[in-house]
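Chemist: model this:
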Amino acid sequence: MVSVSGRGNIFYGLSFDGKIKITEGNKPEYAHDMERWHDIASIASCLRCTIGLRVDGTVVSCGKGFCGEDNVDTWHHITAIACGNFHTVGLRSDGTVVACGTNKDGMCDVAAWRKIVEIAACRAHTVGLSSNGTAMACGYNDHGQCDVSEWQDIVSIACGSSHTVGLKSDGTVIAAGDNRYGQCDVTAWQNIIAVVCGWRSTAGICADGTIVTCGLNEELKHTVEGWKIFNDIDSYPSLQTRKREYALLESKETEERRKVKIYEKAQRLAKINTSQAQIEAAELFNEIADWRDTNEQAARCWQLAEELTAEETKNTIYEKAAQLATFGESDYLRKAAEEFALIPGWRDADERVELCRQAAERLARQEEERAALKNKKRASLTAEKETLQTELSNLKGLFTGKRRKEIESRLAEIEKELRELKK
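Modeler: Prediction:
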């Protein structure tokens, strides 16, 4: 067996040939369907169904999902799976995450996750490990099991019913969530190379092959802590060599997968016809220089980025000039003509230069004519005002009241007209 998964008193084993073995006794109704699975890379179980990841990145399921947690038939490019009670999570090869099933507490809110390299799930929460060593979580957070956003230098994650565990790059372990049974008492652990969680327990594999545990079930703790995964490996040179070979192979495969992911992302960006996308694509190709055709691709993207930058700059100038031309005033039209003149030969910029200049000159003449008319009228009103003021000051006698009122009324009208002319 290469891995085991189970729920309740039923256990499912994955054999080296990619087939499923089920413990005898209380076999589920869908056991026969599972035993016909083939090319399975890993398995995970919800309460009412079992999920299988095929080596080609597709996913299969057996059982009767209660909340749609078995709706995985359309998933592709999946590299890892994890299950809670009523939800299923899949890690895609591009570092994004997909989920199905109940989302009552937000445990399926993973659509925005990016650059994820590992996932874990249990009961009602989901955890993701980012490529930069940080962690993120969503779902039911009644005991703080989702409070992992401050974690740093994490290389692996695991989660139990209401707790989350992270393995750091220095071999220490951090935990968050329910600690009523001591399942989070991991601060003293050292030289850990892997972690795994039970419902209310935590186990760690040490570099020397021994196991440490904490949490529920002290009897199990005493039993497991006597186990040793590597038994005197130093006494077996062939095992040492094989371990080194596997480590080297895994390292090369990991590096190859990393380069493939970067290459595919760069290719997607290179198809976007914007300078920013081309710059990002070129930088990604440079990150894996001398691999495949990355050098040629990077050079092509840099050249296209320069061309697009120049094109986008001209477009920006053109749009600014076109906006200025809509204001319909001579000053704005002159500025528009100046902007269009900065991009000769671009679209209809040359034609617009002349149109804006002609329109600006026409409007300037009209504005001058209007100003001249205003000045003429202002002079006429001022002269009339002075005449009326002189007449008003010379009015005497008992029979001048009517004329006085006429003059005062006209003076008020003149003042109003002069104020209007100032606007």
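
Chemist: which intervals of the stretch 201-350 of the chain have sub-threshold pLDDT?
Modeler: Counting by pLDDT under 70, the low-confidence segments of the stretch 201-350 of the chain come to 217-250.

Chemist: That one: strands as residue ranges?
Modeler: 201-206, 211-215 (DSSP state E, counting those that start in this stretch).

Chemist: helices or strands next to the last one in the packing?
Modeler: Judged by 3 or more C-beta pairs under 8 Å, 6 or more residues apart in numbering; DSSP states H and E, strand 211-215 is in contact with strand 201-206, helix 218-224. Quick note: C-beta positions are derived from backbone N, CA and C, even for glycine.

Chemist: Need the phi and psi values for the residue positioned nearest the centre of the chain.
Modeler: When the chain is reduced to its mean C-alpha position, the nearest residue by C-alpha atoms, centre = their mean turns out to be A112, at 5.2 Å. Main-chain torsions, A112, degrees, to the nearest 10: phi -90, psi 0.

Chemist: how much space between it and M136?
Modeler: 9 Å (C-beta to C-beta, to the nearest Å).

Chemist: Kindly report the same for N71.
Modeler: Distance, N71 to M136, by C-beta to C-beta: 23 Å.

Chemist: the more surrounded of these two?
Modeler: Set side by side, N71 and M136 show more neighbours around M136, with 19 against 14, by other C-beta atoms under 10 Å.

Chemist: Who are the contact partners of the more buried one?
Modeler: 113, 127-128, 130, 148-149 (C-beta atoms under 8 Å, 6 or more residues apart in numbering).

Chemist: Checking my notes, it in a helix, right?
Modeler: No. With DSSP: H, G, I helix; E, B strand; the rest coil as the criterion, M136 is assigned strand and is not in a helix.

Chemist: Show me what it is bridged to.
Modeler: Taking DSSP bridges, one finds G128 as the beta-bridge partners of M136.

Chemist: One more: V195?
Modeler: Beta-bridge partners for V195, by DSSP bridges, are G204.

Chemist: What is the neighbour count of it?
Modeler: Neighbours of V195 under the rule other C-beta under 10 Å: 24.

Chemist: Please tell me how far it sits from K115.
Modeler: Note on V195: its distance to K115, by C-beta to C-beta, is 21 Å.

Chemist: before we move on, the earlier item: could you identify the buried members of the contacts of M136?
Modeler: Among the contacts of M136, those classed as buried by 16 or more other C-beta atoms under 10 Å are 113, 127-128, 130, 148.

Chemist: ok, N191 - contacts?
Modeler: Shown in contact with N191 (C-beta under 8 Å, 6+ apart): 171, 206-208.

Chemist: rerun that using 7 Å as the cut-off
Modeler: Contact analysis of N191 by C-beta atoms under 7 Å, 6 or more residues apart in numbering lists 171, 206-207.

Chemist: May I see these organised as TSV, with distance to N141 and neighbour count added?
Modeler: As requested, these are exported to TSV (distance: C-beta to C-beta, whole Å; neighbours: other C-beta atoms under 10 Å):
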residue	distance to N141	neighbour count
G171	28	15
C206	30	18
A207	33	12
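
Chemist: Run through the bridge partners of the spatially closest residue to C108 that is not a sequence neighbour.
Modeler: Distance criterion C-beta to C-beta, 6 or more residues apart in numbering; nearest residue to C108, sequence neighbours excluded, is A99 at 3.8 Å. Applying DSSP bridges to A99 gives these bridge partners: V89.

Chemist: What's the separation between A99 and T58?
Modeler: Using C-beta to C-beta, A99 is found at 16 Å from T58.

Chemist: Pick out whichever of those two has more residues nearby.
Modeler: A99 (24 against 16).

Chemist: That one: what's it in contact with?
Modeler: By C-beta under 7 Å, 6+ apart, A99 lies in contact with 87-89, 108, 110, 126.

Chemist: Pull the most distant pair out of those residues.
Modeler: Farthest pair in these (C-beta to C-beta) is T88 and V110. Separation: 11.1 Å.

Chemist: Looking at the two, which is more packed in?
Modeler: Ranked by neighbour count (other C-beta under 10 Å), T88 and V110 place T88 first, with 30 against 25.

Chemist: Local confidence estimate at that one?
Modeler: We have a pLDDT of 97 for T88.

Chemist: one step back: closest to R404 out of the contacts of N191?
Modeler: Top of the list for closeness to R404, among these and by C-beta to C-beta, is G171 at 106.0 Å.

Chemist: and the gap between the closest residue to that closest one other than its chain neighbours and A203?
Modeler: In this structure, G171 finds its nearest non-sequential neighbour in N191, 4.6 Å apart by C-beta to C-beta, 6+ apart. Noted for N191: a distance of 14 Å to A203, by C-beta to C-beta.

Chemist: do E386 as well
Modeler: E386 is 105 Å from A203, where distance means C-beta to C-beta.

Chemist: higher neighbour count, those two?
Modeler: More crowded of E386 and A203, by other C-beta under 10 Å: A203, with 24 against 10.
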